[in-house]
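Asks: Here is a sequence with its predicted model. Questions after.
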Amino acid sequence: MLLVLLSLSAYAQQKVIRLYDGPAPGSENWKQQEKENNNNMWQTRIVYNVVNPTLTVFTPAKPNGTAMVICPGGGFHALSIDSEGFDVAKWLTAKGVTCFVLKYRLVECKTDDPTKELMAKGPQMDTDVKPVVKLAAADGSAAIAYVRKHAAEYGINTSRIGIIGFSAGGTVTASTAFNYTPESRPDFVAPIYLAYDWVNKKEVPADAPPMFILAASDDQLGLAPHSVRLYNDWMAVKKSTELHMLAKGGHGFGMRKQNLPSDHWIDLLGTWMEGLGLLTK
């Protein structure tokens, strides 16, 4: 049996599920302790030093049979757990979607402010992130497989299980769309302002899932073209995809309100999901 824990955060009413029995495969010797930080450069609550991946479950009052795994971003050094995680789940559950916010494995941080560590790394960033991306992507696939295996418990249709992710979480999301078994195949995917260079990619699968892609043209990390490249890869093999490039929003907007076009991005996601029949019973 998977271990079920109680969250100690402001969302203590939500069930938290440990993704693996025992240590997560590939990081059995990790010793760092998971922590939170509310005072950082990103001015939001973050989680870091994740060793044991978990799913925080958000159950709607009236489930419609659709499920979404949600992967917050943070450069594989932290997770923007609210605006790219719990707040997304709250919007989707209001539409009847059962949500599972994933805490995936991250690069070990040596200080109590992973945002400063990340910004100071420069070229070392790629070296530190590369081995962890594979582990985080494996966590994304394992999350989909968990939801499919336990679909009956949550009233979920096993052919309506999707995954969405932001920035590094978008990298995890896209990686699951390239690499899957029948158990871990996402039925729909939504990478938001992803870092495509880090994706574990190969040829687009013959049965690749429908994909919703979104970013802002003024992304200060220069990642807007990454979304276009992913879109072109799906289009090249005639797979279902939809791309939105917002004029303004920057990087990492998530569910933040900035009085910019990015404030309404999730309505575009909802329209896309509605078109796929994912917001009705």
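Replies: Cool, got the structure.
Asks: how many other residues sit next to residue 243?
Replies: Residue 243 has 16 neighbouring residues, counting by other Cβ atoms under 10 Å. For the C-beta atoms, the positions are set from N, CA and C on the backbone; glycine is no exception.
Asks: Contact partners for the closest residue to residue 112 other than its chain neighbours?
Replies: Excluding the flanking residues, the one nearest residue 112 by Cβ to Cβ, 6 or more residues apart in numbering is residue 37, at 6.3 Å. Going by Cβ atoms under 8 Å, 6 or more residues apart in numbering, residue 37 touches 45-46, 48, 78, 112-115.
Asks: Who does residue 37 form a beta bridge with?
Replies: Beta-bridge partners of residue 37, counted by DSSP bridges, are residue 46.
Asks: What separation do you get for it and residue 117?
Replies: For residue 37, the distance to residue 117 equals 11 Å [Cβ to Cβ, to the nearest Å].
Asks: On the three-state scheme, the nearest residue to residue 227 once chain neighbours are set aside is what?
Replies: With Cβ to Cβ, 6+ apart as the criterion, residue 227 has its nearest non-adjacent residue at 4.2 Å, and that residue is residue 215. What DSSP: H, G, I helix; E, B strand; the rest coil gives for residue 215 is strand.
Asks: ok, residue 215 - contacts?
Replies: Contacts of residue 215 by Cβ under 8 Å, 6+ apart are 192-194, 223-224, 226-227, 244-246.
Asks: what's near enough to touch residue 239?
Replies: Contacts for residue 239 (Cβ under 8 Å, 6+ apart) come out as 204, 208, 210-211.
Asks: of all those, which two lie farthest apart?
Replies: Distance extremes for the contacts of residue 239: the farthest pair is 204 and 210 at 12.4 Å, using Cβ to Cβ.
Asks: Please identify which of those two sits among more neighbours.
Replies: When neighbours are counted by other Cβ under 10 Å, residue 204 and residue 210 differ, and residue 210 comes out ahead with 21 against 18.
Asks: Next, count neighbours for the residue nearest to the more buried one when sequence neighbours are not counted.
Replies: Leaving aside its sequence neighbours, residue 210 sits nearest to residue 240 (Cβ to Cβ, 6+ apart; 4.0 Å). For residue 240, the neighbour count with other Cβ under 10 Å is 13.
Asks: Surely residue 240 touches residue 213?
Replies: No: the pair residue 240 / residue 213 is not scored as a contact, 11.5 Å apart, by Cβ atoms under 8 Å.
Asks: partner residues bridging the most centrally placed residue in the chain?
Replies: With distances taken as Cα atoms, centre = their mean, the residue of the chain nearest its centroid is residue 71 (1.8 Å). Per DSSP bridges, the residues bridged to residue 71 are residue 165.
Asks: going forward, begin numbering at 43 instead of 1
Replies: Sure, I'll start numbering at 43, so the last one becomes residue 113.
Asks: gap between it and residue 107?
Replies: Going from residue 113 to residue 107 by Cβ to Cβ gives 21 Å.
Asks: swap in residue 120?
Replies: From residue 120 to residue 107 the distance is 33 Å (Cβ to Cβ).
Asks: of those two, who's got more company?
Replies: A direct count of neighbours by other Cβ under 10 Å for residue 120 and residue 107 places residue 120 higher, at 30 against 21.
Asks: wait, what's in contact with residue 160?
Replies: 116-117, 119-120, 167.
Asks: at 7 Å what do you get?
Replies: 117, 119 (Cβ atoms under 7 Å, 6 or more residues apart in numbering).
Asks: and the helix or strand where it lies, how far out from the chain's middle?
Replies: Secondary structure from DSSP states H and E places residue 160 in helix 156-162. Computed by Cα atoms, centre = their mean, to the nearest Å, the chain-centroid distance of helix 156-162 equals 20 Å.
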